[in-house]
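Asks: sequence and predicted structure below; questions after.
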Amino acid sequence: MPSKGNTSARGYGRQHQVLRNKLKPLVASGKANCARCGQPILPTQRWDLGHDDNDRTRYNGPEHALAKDCAAGGNRATAGRKPHEQPQALGFFNT
């Protein structure tokens, strides 16, 4: 069933699109970690720019899009969601 509201109303407006586009090269290079599970997002894996579970105006960073790729269940798997935590600045990058 489709989500209600336009993309901006659902949290995927211009700010989301600009930030996702900025992160695209990082993810494509294999240097991004999933904000949910902390594991690398492989360049061949689908990914999303993850919202904070409790505040959709905040972003946690790139996340695996699919549960099969994510030890924490992926971004759509509510059973794998962690309690609200403040993400560390740039904590989703491999170093």
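Replies: Cool, got the structure. Residues are numbered from 1 along each chain as shown.

Asks: contacts for the lowest-mean-pLDDT helix or strand in the chain, please.
Replies: Using mean pLDDT, DSSP states H and E, strand 47-51 stands out as the lowest-scoring helix or strand of the chain, at a mean of 90. Strand 47-51 is contacted from outside by 11, 16, 19-20, 23, 27, 32, 34-36, 41, 58-65, 75, using CB atoms under 8 Å, 6 or more residues apart in numbering. Any C-beta I mention is one placed from the backbone N, CA and C, and that applies to glycine too.

Asks: now the host helix or strand of Val18: buried residues?
Replies: According to DSSP states H and E, Val18 maps onto helix 14-28. Within helix 14-28, the residues scored as buried using 16 or more other CB atoms under 10 Å are His16, Arg20, Leu23, Leu26, Val27.

Asks: what lies in contact with that helix?
Replies: Helix 14-28 is contacted by residues Ser8, Ala32, Ile41, Pro43, Trp47, Leu49, Tyr59, Gly61, Pro62, Phe93 when judged by CB under 8 Å, 6+ apart.

Asks: Ala71: which of these is nearest?
Replies: Using CB to CB, Ile41 is the member of the contacts of helix 14-28 that sits closest to Ala71, with 12.1 Å.

Asks: quick one: His64 from Arg56, how far?
Replies: 19 Å (CB to CB, to the nearest Å).

Asks: before we move on, back to that, and the helix holding Val18, C-alpha only, in PDB?
Replies: Extracted C-alpha coordinates of helix 14-28, given in PDB (Å, rounded to 0.1, in the frame of the first residue of the first chain):
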ATOM      1  CA  ARG A  14      15.000  18.600  -1.200                       C
ATOM      2  CA  GLN A  15      17.200  18.400   1.900                       C
ATOM      3  CA  HIS A  16      17.000  14.600   1.900                       C
ATOM      4  CA  GLN A  17      17.700  14.400  -1.900                       C
ATOM      5  CA  VAL A  18      20.700  16.800  -1.600                       C
ATOM      6  CA  LEU A  19      22.200  14.900   1.300                       C
ATOM      7  CA  ARG A  20      21.700  11.500  -0.300                       C
ATOM      8  CA  ASN A  21      23.400  12.700  -3.500                       C
ATOM      9  CA  LYS A  22      26.300  14.000  -1.500                       C
ATOM     10  CA  LEU A  23      26.700  10.500   0.200                       C
ATOM     11  CA  LYS A  24      26.300   8.600  -3.100                       C
ATOM     12  CA  PRO A  25      30.000   8.600  -4.000                       C
ATOM     13  CA  LEU A  26      31.000   7.600  -0.500                       C
ATOM     14  CA  VAL A  27      28.700   4.600  -0.600                       C
ATOM     15  CA  ALA A  28      29.700   3.700  -4.100                       C
END
